[in-house]
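Trainee: My questions concern the predicted model and sequence given below.
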Amino acid sequence: MNRLIRMSVLASGSTGNATYVESDKGSLLVDAGLTGKKMEGLFSQIDKEIKNVNGILVTHEHADHIKGLGVLARKYGLPIYANEKTWSAIEKKDSRIPMDQKFIFNPYETKSLAGFDVESFNVSHDAIDPQFYVFHNNGKKFTILTDTGYVSDRMKGIIKGSDAFMFESNHDVDMLRMCRYPWKTKQRILSDMGHVSNEDAGLAMTDVITDNTKRIYLSHLSQDNNMKDLARMSVGQVLKEHDIDSDNEVKLCDTDKAEATPIYTL
């Protein structure tokens, strides 16, 4: 069988993020936001080995996306891809990643890696130069988009029509407003440089879902200000109001901070 794109959300949330993407020619890891030991455990959940990965793509320098990066890089000798500004931020936190494993992948570039044409694009988040990725292979398209305060028209144009999305659905606005976070933290999350709410995620999805789209993985849920059932219900309601059937046309899938999703073939 020609497996065009296979993927698993290994972990997603405020405590750590990592996604596995595979073609017939190779595989890539997007972010390594958990300890090396935990990353190895997540790979074992999907019966894969980190040593076989062709490289790690970094989205931005926040700890929940790079915690295990240095350990995995040194232990397995993997090439690491990030943009120039993100590398400068990573090096301040971990200067021990070997130079010959560091590769530049700047925003709005497309690179051929592990059988994919990987397209990068900027998002709006409080990191130095955050970017996410679209994976293209044989007419199939998989988008990873989390950690953004809003989804711009430019982003929508790049990601529209993906067969599957990993899409941020970070918080319920009412839960966030009532929680014990300091007001400054709440303002950051709610800002254009923060995170997308359930409702805003649903609205953005209505502009990028096409007949090609079969699955959306609701991702980067706040452990304090969201719940899986609530995210699914809130996003599903917005889609329903725009005549998109999340029961039959597009499946909304949960992700977890410590349990990998089953490998899905697009």
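Mentor: Thanks, I have the structure now.
Trainee: Check the contact between Leu221 and Asn170; I expect there is one.
Mentor: Yes - taking contacts as Cβ atoms under 8 Å, Leu221 lies within contact range of Asn170: 6.5 Å. (Glycine included, C-beta is placed from N, CA and C.)
Trainee: Do a quick rundown of the strands in the stretch 151-266 of the chain.
Mentor: 164-168, 215-219, 251-253, 264-265 (DSSP state E, counting those that start in this stretch).
Trainee: Comparing those, which comes out most buried?
Mentor: Mean neighbours per residue, mean count of other Cβ atoms under 10 Å, is largest over those for strand 164-168, with a mean of 27.
Trainee: Check which helices and strands that one is in contact with.
Mentor: Here strand 164-168 touches strand 6-11, strand 140-145, helix 198-208, strand 215-219, going by 3 or more Cβ pairs under 8 Å, 6 or more residues apart in numbering; DSSP states H and E.
Trainee: Format those as CSV; extra columns: distance to Asn248.
Mentor: Listed next are the helices and strands packed on strand 164-168 as CSV, based on distance: least, Cβ to Cβ, whole Å:
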stretch, distance to Asn248
strand 6-11, 22
strand 140-145, 21
helix 198-208, 16
strand 215-219, 13
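Trainee: Go through the ones you listed and name the closest to Asp47.
Mentor: strand 6-11 (10.3 Å; Cβ to Cβ).
Trainee: Which residues does the closest one contact?
Mentor: Residues from elsewhere that reach strand 6-11 (Cβ atoms under 8 Å, 6 or more residues apart in numbering): 17-23, 33-34, 38-39, 42-43, 45-46, 135, 142, 164, 166, 217, 219, 255-266.
Trainee: The same query, at a cut-off of 6 Å, please.
Mentor: Strand 6-11 has contacts (Cβ atoms under 6 Å, 6 or more residues apart in numbering) with 18-22, 34, 42, 46, 142, 166, 217, 255, 257, 260-261, 263-265.
Trainee: ok, the helix or strand following that strand: who's next to it in the sheet?
Mentor: Going down the chain from strand 6-11, the next helix or strand is strand 18-22, by DSSP states H and E. Using DSSP bridges, strand 18-22 pairs in its sheet with strand 6-11 (antiparallel), strand 27-30 (antiparallel).
Trainee: and the residue nearest to His136 when sequence neighbours are not counted, which of the three is it?
Mentor: Excluding its sequence neighbours, the residue lying closest to His136 (Cβ to Cβ, 6 or more residues apart in numbering) is Asp117, at 4.3 Å. Judged by DSSP: H, G, I helix; E, B strand; the rest coil, the three-state class of Asp117 is strand.
Trainee: Where does pLDDT dip in this structure?
Mentor: 1-3 (pLDDT under 70).
Trainee: circling back to that earlier point, count the neighbours of the residue nearest to His136 for me.
Mentor: 13 (other Cβ atoms under 10 Å).
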